[in-house]
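> Provided below are the primary sequence and the corresponding predicted coordinates.
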Amino acid sequence: MSSLTAPLGALGRASLGGLGFVGRVTLFALAALSHVLRPPFYAREFGQALVNIGWLSLPVVGLTAIFTGGALALQIYAGGARFNAEAVVPQIVAVGMVRELGPVLVGLMIAARVTSSIAAEIATMKVTEQIDALVTLSTDPLKYLVAPRVLAALLVVPVLVAVGDLIGIFGGYALATGSLGFNAAAYLNNTINFLEATDIISSLVKGCAFGGLAALMGCYFGMHSGRGAQGVGRATKYAVEAAAVLILAANFLLTGVFFSL
């Protein structure tokens, strides 16, 4: 009988562990957001987070977006040629970049670059007992370390998404007009006329959500890391994995909300 119930026991333990993790992360997120809305406000930490998350992420976001936009235009043109529908390249590139590829790719780049950096930094501070020192000095670690990073991500990642959308559309435009024979003015007119306000709003809302998730996962796993170098490594790995999965799950949910029939 025990051999038959063992898989059920393992499934139950995994389910309870997953629910416990969701509960802990939810409480951590609520505590972090409450600190964002209440003083004191650490302007220096917030400014450094803005530079790290926003400005320093521009190169990787720009390169990712422009190559993705060009590849998307080429794939759409090759596929549309089978049905004599090559003319839809501008519209599909615009919608694909703004609705899905732009926000998701920027979110995943932020998870790879920023979430790992935040998790490693905070985990190292925990290992070297700097967080304990903050508590000793009557400074709340959530207020000093977590709130500025979360607020910066909530504000700056939508801007990165907007920039990524524009660069991705430009990548498709450059390839289509330079290699595929499209007229530049007609391409731009089709792009502008086909996009709707809902597309742009959904892209920015997704960017805000993805930025918040990326920063929260980095902070959560950094604050709950184990001791030693292995603890820092595990915290960084788990933070990036959790951020990437949550970003894709949030993208699915938000897409359903914005574009449900």
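Right, received. Where do you want to start? Numbering: from 1, shown residues only.

> how about low-confidence regions in the stretch 51-200 of the chain?
Counting by pLDDT under 70, the stretch 51-200 of the chain contains no low-confidence range.

> can you map out the helices along it?
Applying DSSP state H, counting those that start in this stretch to the stretch 51-200 of the chain gives helices spanning 58-80, 89-95, 102-110, 116-127, 130-136, 141, 147-179, 184-194, 197-223.

> To residue 19, which of those helices lies closest?
helix 197-223 (16.0 Å; C-beta to C-beta). C-beta coordinates here come from the backbone N, C-alpha and C atoms, glycine included.

> tell me which strands and helices that closest one is in contact with?
Contact analysis of helix 197-223 by 3 or more C-beta pairs under 8 Å, 6 or more residues apart in numbering; DSSP states H and E lists helix 2-37, helix 102-110, helix 116-127, helix 147-179, helix 228-259 as its packing neighbours.

> quick one, which of those helices is packed in tightest?
helix 102-110 (a mean of 25; mean count of other C-beta atoms under 10 Å).

> on that earlier part again, out of the helices of the stretch 51-200 of the chain, which is closest to residue 233?
Of those, nearest to residue 233 by C-beta to C-beta is helix 116-127, at 8.5 Å.

> Just the CA coordinates for stretch 213-222, please, in PDB.
The C-alpha trace of stretch 213-222 is given here as PDB (Å, rounded to 0.1, in the frame of the first residue of the first chain):
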ATOM      1  CA  LEU A 213       7.900  40.700 -11.400                       C
ATOM      2  CA  ALA A 214      11.500  40.800 -12.400                       C
ATOM      3  CA  ALA A 215      12.500  43.100  -9.600                       C
ATOM      4  CA  LEU A 216      10.400  41.300  -7.000                       C
ATOM      5  CA  MET A 217      11.900  37.900  -7.800                       C
ATOM      6  CA  GLY A 218      15.400  39.200  -7.600                       C
ATOM      7  CA  CYS A 219      14.700  40.800  -4.300                       C
ATOM      8  CA  TYR A 220      12.800  37.900  -2.900                       C
ATOM      9  CA  PHE A 221      15.400  35.200  -3.700                       C
ATOM     10  CA  GLY A 222      18.200  37.600  -2.700                       C
END
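
> Please work out the average pLDDT along it.
For stretch 213-222, the mean per-residue pLDDT is 93.

> so residue 110 touches residue 214, yeah?
Yes. Using C-beta atoms under 8 Å, residue 110 is in contact with residue 214, at 4.7 Å.

> Mind listing the shared neighbours of these two?
153, 157 (C-beta atoms under 8 Å, 6 or more residues apart in numbering).

> Nearest the geometric middle of the protein, what residue?
A centroid search over the chain (C-alpha atoms, centre = their mean) returns residue 107, at 2.4 Å, as the residue closest to the centre.

> if I look at that residue, how far off is residue 243?
8 Å (C-beta to C-beta, to the nearest Å).

> Can you pull the residues that touch both of those two?
213-214.

> Quick one, which of the helices of the stretch 51-200 of the chain gets closest to residue 51.
Closest approach to residue 51 among these (C-beta to C-beta): helix 147-179, 8.8 Å.

> What angle do helix 102-110 and that closest one make with each other?
120 degrees (axes from the mean of the first three to the mean of the last three C-alpha atoms, to 10 degrees).

> any idea of the angle helix 147-179 forms with helix 197-223?
Here helix 147-179 points in a direction 130 degrees away from that of helix 197-223 (the same axes, to 10 degrees).

> Residue 208 is in contact with the residue nearest to the centre of the chain, correct?
No. Applying C-beta under 8 Å, one finds residue 107 not in contact with residue 208, separated by 10.4 Å.

> Which residues are in contact with each of the two?
Shared between the contact lists of residue 107 and residue 208 (criterion: C-beta under 8 Å, 6+ apart) are residues residue 157.

> May I have the residues that are in contact with the residue lying closest to residue 204 once chain neighbours are set aside?
Sequence neighbours aside, residue 158 is the residue nearest to residue 204 in space, at 4.5 Å (criterion: C-beta to C-beta, 6 or more residues apart in numbering). Residues near residue 158 by C-beta under 8 Å, 6+ apart: 204-205, 207-208, 211.
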